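[1] Just need the structure, nothing else, for what follows:
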Amino acid sequence: MASSQKYVLGVLVLAIIQLKAIASSHEHLQDLKFLNFTLFQHDLTLGIEGGPDVFAYLGRLTVEANKSSEQVGFAEGTRVLSSPTGRSISVAILTLSLKDHKGSLSVVGIVDIVDSTNLPVVGGTKDFLFVQGYVTSSPLNPYDPNVVYEIQFHLYWPPYATPSS
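    Sure thing, here's the model as predicted:
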């Protein structure tokens, strides 16, 4: 009987330790700074290299979907068509000049020209140094030659990295 009580006591102690660890990991979420916003990308293809399957682009980033909206940055990158269904490998730099944050984000991933796509942020500069997160790219008019993409930014800074602004 004494050994079963020790066993139950040991399990309870381990459970309390686990609960404290879970609670302390949630406390770290309070130390994170989050930044979520949406911009719109208006593409301009710069040139085709290597045939119709590889191209570079430069796009204006605006606060609204219309081209005459205020520009707050630009997107530049390369896309390589990887399948006949319209999926492509994309490497892009998003340079931003927002009211409280300035710098660049680098994203890499697979883009679908007709569906929403999540792209991980793999690097950043200036106010976005050490930032982590992802962007969601959604074509608003995928079959229009002047396609506009809605870009939703989901960013956070880990506890060891404090934004400079």
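
[2] Nearest the middle, which residue of the protein would you pick?
    Nearest to the geometric centre of the chain sits Tyr134, at 1.7 Å (Cα atoms, centre = their mean).

[3] show me what contacts that one?
    Tyr134 sits next to 107, 118-121, 154 when contact means Cβ atoms under 8 Å, 6 or more residues apart in numbering. All C-beta spots, glycine's among them, are computed from the backbone N, C-alpha and C.

[4] do that again at 10 Å, thanks
    Contact analysis of Tyr134 by Cβ atoms under 10 Å, 6 or more residues apart in numbering lists 107, 109, 117-122, 152-155.

[5] Strands - which of those residues land there?
    Using DSSP state E, 107, 109, 117-122, 152-155 are the members of the contacts of Tyr134 that sit in strands.

[6] which residues touch Gln132?
    Here Gln132 is in contact with 32, 120-124, 154-158, 161 (criterion: Cβ under 10 Å, 6+ apart).

[7] one step back: which one of the contacts of Tyr134 is nearest Leu98?
    Distance ranking of the contacts of Tyr134 against Leu98, using Cβ to Cβ, places Phe153 first at 9.8 Å.

[8] What distance do you get for that closest one to Asp144?
    23 Å (Cβ to Cβ, to the nearest Å).

[9] more crowded one of the two?
    Looking at Phe153 and Asp144 with other Cβ atoms under 10 Å, you find the greater number of neighbours at Phe153, namely 21 against 9.
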